[in-house]
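[1] Build me a model:
(chains A and B)
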Amino acid sequence: MEEKDNKKDSLYLKLMPYIEKYGILLLLVLMILVMHILQPDVFLSWRNVTNVFKQISWQSMLALGVFMVIVTAGIDLSVGSIMMLSLMVLAIVAKAGAPWFIVVITPLIAGFLCGLFNGAGITLLRMPHPFIMTLGTLYIFRGTGNLISGGTPISGFTDEVRYLGHGRIDLTWLGLEKSQYLPVSLVLIAVVYVIFWFFLNHSRTGKWIYAIGGNPSAARASGINVNKILIIVYSLCGFLSGIGALILAGRTDSGYPNAGLQSELDAIAACIIGGASFFGGRGTVLGVFAGVMIMGILRNGLNLMDVSSFWQQVLIGSIIVIAVYIDVLRRDLGTRK
Amino acid sequence: MSTLNNPLLEAKGITKYFGTITALENVDLKVHAGECLGVVGDNGAGKSTLMKVLSGLYKPSSGSLYFQGKEKVLESPKDSQNLGLEMVYQDLALAGNLPIGENIFLGREPTKNVGFLKFLDFNKIKELTNAHLGKLKINVKSADQKVEELSGGQRQAVAIARSTAFNAKVVIMDEPTAALAIKEVGKVLDLINSLKKTGVGVIVISHRMDDIFSVCDRVMALFQGTNFAESELSNTSRDEVIGWIMGKK
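    Presented below is the predicted three-dimensional model:
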């Protein structure tokens, strides 16, 4: 009897790391299968798949930024407002007639500076928790965005400015039809996620980000400049929100006051569904991507089935709770001695 | 071993204020190569503060530090690490979410250059970790095991391995056996003895007389932030040292 238990244990222990690493992908594949069965003609069509990627494009940037912050056991509530402010800066610079290569870098700089402001506030002003600093800047950045734009939408950008959010990569040379194009934003997501995966897993700074989340006093005692790393993390989070603004500018051809409203909560939800721990030090870039995809597919699938957006809210909320509960159960099993 | 030579590390007249509180007043300390100094004292006697001054975490309000006879000012833990002063903290200062190897090299990871980019060299981390753990005769399943999966004794061993991975000259240990099961204590004490044999100066802060009397060569007592008493171990007894802790001579 005991031997049998041991066997079961060892199999379980062998599977554990894989479940931990790829369990969330399993859930994603399952969801895709279910949606495909429910909507066999539409869901996996070229048009719909590219549509999902276009819809998640800017959210995926915010989620990646918030993920890095969550790894340090912090939180950034201001990403939606950073994106809105960056978008407004872009719109104003574009309307002022600046050349496109200036216009496209302005949201990146604006986002970066907003993130730097958060990071500086958290570390130098010694705010008791990042929640407070970024709650403050959630209001400050959105208010500033409205102040500089007068609170009205600014529309009409050139094709170059819209390229990342709206561009299409023609695939007719592969023998595909004209409608079967690749959205530029999909390529952008892939490139950005791969770069940040490398950064977090293969650079010293990336390792230190995880170490700070695991045990900040250990990181400090190891001679790591914790404040500097935190400032880098919040700045990069702002920078990614700036990329989100650039994508959104392309998609909507407009800077508008409600851009990214409550999107910080979507970003946090994607990280949590993707397996990031609020206590820091845990989570993967792949997991965040899966989290963003799960939310995107759920919204898309429910739209296809004409389910009301009220039900979508209920379902997304339930998935957050269920995903974390599964994680709690898994951890209980994993720590048994 | 070489107690007659100049001390490896010497602190003179260390005073540390926190606001209006005097944590340390005019404290002296020295340790020689291959020697183990025990530091005892009641809670609040200033042991941990003194260790944090030696590791560069706190700057002393006054007083000076000499390393190999030269005066040094420590601005951060990095400075003390560069000198070869290493600290093993009571709360272990390990990141549980990272593997053993990455903890040992945390903050000092070997990298390889790919063009102008620097990437972590995971193979080298693993190789160096296995070699180092082998040298210290520390047994773990694999260098890739996460620290949170280890027992208290194994964690302490990793913390000590971490402190000696970079040619440490002086290793300072804060309550190295406090959190351990009895059978693990012996292993850690053996580890301290083997460090001494390699010429490392060891400072052990401990409440446990068993620890002090099995590894130390000299013992000093702090009382209310000041030097209270000091003696070669051979010239004192447990009862006397316990008396010092309580402020009796």
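
[2] For chain B, list the residues in contact with chain A, please.
    Counting by CB under 8 Å from any CB of the partner chain, the residues of chain B close to chain A are B:55, B:57, B:76-78, B:81, B:87, B:89, B:91-98, B:102-103, B:106-109, B:111, B:117-120. Quick note: C-beta positions are derived from backbone N, CA and C, even for glycine.

[3] What pLDDT is listed against the residue nearest the centre of chain A?
    What sits nearest the mean C-alpha location of chain A, by CA atoms, centre = their mean, is A:Ala63, with 1.5 Å. On pLDDT, A:Ala63 comes in at 98.

[4] Name the residues of chain A found near chain B, please.
    A:198, A:202-204, A:207-208, A:210-211, A:213-215, A:217-224, A:281-282.

[5] circling back: now list the buried members of the residues of chain B next to chain A.
    Buried members of the residues of chain B next to chain A, counted by 16 or more other CB atoms under 10 Å in any protein chain shown: B:55, B:57, B:77, B:81, B:87, B:89, B:92-98, B:102-103, B:106-107, B:109, B:119-120.

[6] So which of those residues are in helices?
    Among those, the residues falling in helices (DSSP state H) are B:Pro77, B:Gln81, B:Glu102, B:Asn103.

[7] Tell me which two in those are the farthest apart.
    The span of those, defined through CB to CB, is set by B:Pro77 and B:Glu102 at 17.9 Å.

[8] Give me the three-state assignment for A:Ile232.
    Of the three states, A:Ile232 takes helix under DSSP: H, G, I helix; E, B strand; the rest coil.

[9] Name the helix or strand for the closest residue to it other than its chain neighbours, please.
    Nearest residue to A:Ile232, sequence neighbours excluded (CB to CB, 6 or more residues apart in numbering or on different chains): A:Thr205, at 6.6 Å. Element membership for A:Thr205, per DSSP states H and E: helix A:204-214.

[10] what separates that helix from the chain centre, distance-wise?
    For helix A:204-214, the separation from the chain centroid amounts to 19 Å (computed by CA atoms, centre = their mean, to the nearest Å).

[11] Which neighbouring elements make contact with it?
    Packing partners of helix A:204-214 (3 or more CB pairs under 8 Å, 6 or more residues apart in numbering or on different chains; DSSP states H and E): helix A:46-71, helix A:184-202, helix A:216-221, helix A:226-252, strand B:117-120.

[12] how about those, which one is nearest B:Ala229?
    Checking those against B:Ala229 by CB to CB gives helix A:216-221 as the closest, at 30.0 Å.

[13] For stretch A:30-40, buried residues please.
    Going by neighbour count (16+ other CB under 10 Å), the buried part of stretch A:30-40 is A:Met31, A:Ile32, A:Met35, A:Gln39.

[14] Pretty sure the second one sits in a helix.
    The reference is to A:Ile32. Yes - looking at A:Ile32 with three-state DSSP, it is inside a helix.

[15] Could I get the pLDDT score of it?
    According to the model, A:Ile32 scores 94 on pLDDT.

[16] What's the separation between it and A:Ala63?
    Distance from A:Ile32 to A:Ala63, counting by CB to CB, to the nearest Å: 19 Å.

[17] and if you look at the last one?
    Computed with CB to CB, the distance linking A:Gln39 and A:Ala63 is 25 Å.

[18] Can you tell me the centre-most residue of chain B?
    Note on chain B: the residue nearest the mean C-alpha position is B:Ile172, at 1.7 Å, using CA atoms, centre = their mean.

[19] Using PDB, list the CA coordinates for the host helix or strand of that residue.
    Under the criterion of DSSP H and E, B:Ile172 resides in strand B:170-174. Only the C-alpha atoms of strand B:170-174 are listed here, as PDB (Å, rounded to 0.1, in the frame of the first residue of the first chain):
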ATOM      1  CA  VAL B 170      36.000  36.700   6.900                       C
ATOM      2  CA  VAL B 171      32.600  35.100   7.300                       C
ATOM      3  CA  ILE B 172      30.200  36.500   9.800                       C
ATOM      4  CA  MET B 173      27.400  34.200  10.900                       C
ATOM      5  CA  ASP B 174      24.300  35.500  12.800                       C
END
